[in-house]
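K.L.:
Pasting the sequence and the predicted model now:
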Amino acid sequence: MKFGGSSVADAEKIKNVAGRIAAARETGDDVVAVVSARGKTTDGLVALAQEISPSPKPREMDMLLSTGERISCALMAMALHDLGHEAESFTGSQAGILTDAAHTKAKIVEIRADRLRNSLDTGNIVLVAGFQGMSMDGHNVTTLGRGGSDTTAVALAAALDADVCEIYTDVTGVFTADPRVEPAAVKLPRVTHEEMLEMAASGSRVLALRSVEFARNYDVPLHVRSSFLPDEGTWITKESPDMEQAIVSGIAHKSDEAKVTITRVPDTPGVAAALFTALADALINVDTIIQNVGTDDHADVSFTVPLDELKRTIEAVEGIRGDLKFEDLRADDQIGKVTLVGAGMKSNPGIAAKMFRVLADQGINMQMIDTSTIRITAVIDRRDVERAVRALHDAFDLTSEAVRRGNV
């Protein structure tokens, strides 16, 4: 069971969550609960660090940021004790979560969960501080980056061979679109790991991308549900033969992207490798990439990056200008993306044509297009994103599609 920051934001909410955890234990199940920092605690710690230093060392930032989850963990144990349950809290390192050494965005390498298993065997409810671990080299405290508590929970579920990993949040499940943008969006009863992976990568903020990757790789069933309501949420599972595949399951969007175009790059082997190696070395998360057909032995290359990484992207590309010998670098910080996701796209031609026709009817110009077997993404002007989401949701009749899919 994983509970996000809004679920443990104050004393009453912590007591409410403790009741949910206790109820799960009282059914006879062993229970491991992962908790995030309370409310805006992490933002407050970041602000505090900036008051002290304009550029704090990443190692010390991890030491600081890891405290938020530890506070939540200890308070939750106290609440459970008052409900008559034995509970034991663990930091990420105590829980055996071992990571690489990339401070503030570490990746889990291994989980040595013996200590957690021993605690469960004695009848305890186990509480683990999310978002953190310990580096294998140096044994330093590390944090896992945005959505790290989701990743902690799913990784522990895999390591402990849990029946299910329940993600409790302030929404009731995964919707056909963001309800704040499309009020007609409805909750999906079930999606596949692959569909959720595409949604998370394309802008759905219900689950962190890395947590869905863990769930897919280790076949962990996920259940996204509300911390405040008892209702069934959305099940995210491996695709099975009896699952009816919706042609389009949902629409995801991003409004915080930027596009970079490098003009007249020499059209020779190794140039693209040099460019994207430099970006990888700078830890830039590149998404959509397009290279046009070369003319006069030169080509243009365009790609998208998160908006908050645009400055570092420009610095990284300018740093190899002498090697690449390109003509110009242009950046557009006013783009967004809209994405259709659905496992049924594999066997239903014409989805792309319909999507592009809907956008054209809305007068929305597509700057780039990216696809996979179950996803179509259009890069468009940021000001058009919400209008595109509403138009596509209506055109593909996702409300009735979701209702049909719920009859699986």
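P.N.:
Perfect, thanks for sending it. The structure presented is a predicted model; accordingly, all values stated were derived computationally and were not measured.
K.L.:
Look at residue 146 and give its secondary structure.
P.N.:
coil (DSSP: H, G, I helix; E, B strand; the rest coil).
K.L.:
residue contacts, it?
P.N.:
If a contact means C-beta atoms under 8 Å, 6 or more residues apart in numbering, then residue 146 has residue 208 as its contacts. All C-beta spots, glycine's among them, are computed from the backbone N, C-alpha and C.
K.L.:
One more: the one 4 residues further on?
P.N.:
Contacts here follow C-beta under 8 Å, 6+ apart; on that basis residue 150 touches 2, 130, 167, 207, 208, 210, 211.
K.L.:
which residue packs closest to residue 293, ignoring adjacent ones?
P.N.:
residue 299 (7.1 Å; C-beta to C-beta, 6 or more residues apart in numbering).
K.L.:
okay, now the domains of this structure?
P.N.:
Partitioning the chain according to automatic domain parsing yields domains covering residues 2-170, 251-405.
K.L.:
sorry, back to before: closest one to residue 374 out of the contacts of residue 150, please.
P.N.:
residue 207 (16.7 Å; C-beta to C-beta).
K.L.:
The closest one sits in which helix or strand?
P.N.:
In this structure, residue 207 sits in neither a helix nor a strand according to DSSP states H and E.
K.L.:
Can I take it that residue 166 is in a helix?
P.N.:
No - per three-state DSSP, residue 166 lies outside any helix segment and is strand.
K.L.:
how close does it sit to residue 208?
P.N.:
15 Å (C-beta to C-beta, to the nearest Å).
K.L.:
Same check on residue 194?
P.N.:
In terms of C-beta to C-beta, residue 194 sits 16 Å off from residue 208.
K.L.:
more crowded one of these two?
P.N.:
A direct count of neighbours by other C-beta atoms under 10 Å for residue 194 and residue 208 places residue 208 higher, at 22 against 19.
K.L.:
OK, contacts around the more buried one?
P.N.:
Contacts of residue 208 by C-beta under 8 Å, 6+ apart are 146, 147, 148, 150, 151, 200.
K.L.:
Can you give me the neighbour number for residue 381?
P.N.:
15.
K.L.:
Contact partners for it?
P.N.:
Per C-beta under 8 Å, 6+ apart, neighbours of residue 381: 334, 335, 336, 364, 365, 367.
K.L.:
Is the fourth one part of a helix or strand, or is it coil?
P.N.:
Okay, so that is residue 364. coil.
K.L.:
so how many other residues sit close to it?
P.N.:
19.
K.L.:
For it, which non-adjacent residue is closest in space?
P.N.:
In space, residue 364 is closest to residue 384, 4.6 Å off (C-beta to C-beta, 6+ apart).
K.L.:
what about the one you found, how many residues close to it?
P.N.:
Going by other C-beta under 10 Å, the residues that sit close to residue 384 add up to 20.
K.L.:
Please tell me how far it sits from residue 201.
P.N.:
21 Å.
K.L.:
Same check on residue 135?
P.N.:
On the measure of C-beta to C-beta, residue 135 and residue 201 end up 26 Å apart.
K.L.:
Let me see the ranges of the strands in the stretch 101-250 of the chain.
P.N.:
108-111, 125-129, 132-135, 141-143, 165-169, 190-192, 222-226, 234-237, 250-266 (DSSP state E, counting those that start in this stretch).
K.L.:
for whichever helix or strand comes after the longest one, packing partners?
P.N.:
I take that to be strand 250-266. Using DSSP H and E, the helix or strand that follows strand 250-266 in sequence is helix 271-281. On a contact count with 3 or more C-beta pairs under 8 Å, 6 or more residues apart in numbering; DSSP states H and E, helix 271-281 meets strand 250-266, helix 310-318, helix 321-324.
K.L.:
What residues sit buried inside helix 271-281?
P.N.:
271, 272, 275, 278, 279 (16 or more other C-beta atoms under 10 Å).
K.L.:
you'd agree the third one is up against residue 301?
P.N.:
Spelled out, it's residue 275. Yes - with contact defined as C-beta atoms under 8 Å, residue 275 and residue 301 form a contacting pair (6.9 Å).
K.L.:
list residues touching both of the two?
P.N.:
With C-beta under 8 Å, 6+ apart as the test, residue 275 and residue 301 both reach 262, 265.
K.L.:
Now do the strand or helix carrying residue 353 and strand 250-266, the angle between them.
P.N.:
Element membership of residue 353, judged by DSSP H and E, is helix 351-361. Comparing the axes of helix 351-361 and strand 250-266 via axes from the mean of the first three to the mean of the last three C-alpha atoms, to 10 degrees yields an angle of 90 degrees.
K.L.:
List phi and psi for the nearest residue to residue 255 once chain neighbours are set aside.
P.N.:
Computed as C-beta to C-beta, 6+ apart, the closest residue to residue 255 that is not its neighbour in sequence is residue 336, at 4.5 Å. Dihedral pair for residue 336: phi -140, psi -180, per degrees, to the nearest 10.
K.L.:
got a list of what residue 336 touches?
P.N.:
Contacts of residue 336 (C-beta under 8 Å, 6+ apart): 253, 254, 255, 256, 257, 379, 380, 381, 382, 384, 385.
K.L.:
Buried subset of those residues, written for PyMOL?
P.N.:
Buried residues among those (16+ other C-beta under 10 Å), as a PyMOL selection:
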select buried, resi 253+254+255+257+379+380+382+384+385
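K.L.:
so which of the contacts of residue 381 comes closest to residue 160?
P.N.:
Taking those together and measuring to residue 160 by C-beta to C-beta, the closest member is residue 336, at 39.2 Å.
K.L.:
Which strand residues bridge that closest one?
P.N.:
In this entry, residue 336 is beta-bridged to residue 380, by DSSP bridges.
K.L.:
From what I see, residue 17 and residue 7 are in contact.
P.N.:
Yes - using C-beta under 8 Å, residue 17 is in contact with residue 7, at 5.7 Å.
K.L.:
list residues touching both of these two?
P.N.:
168, 227.
K.L.:
List the buried residues for stretch 113-122?
P.N.:
Result for stretch 113-122 [16+ other C-beta under 10 Å]: buried residues 113, 116, 119, 120.
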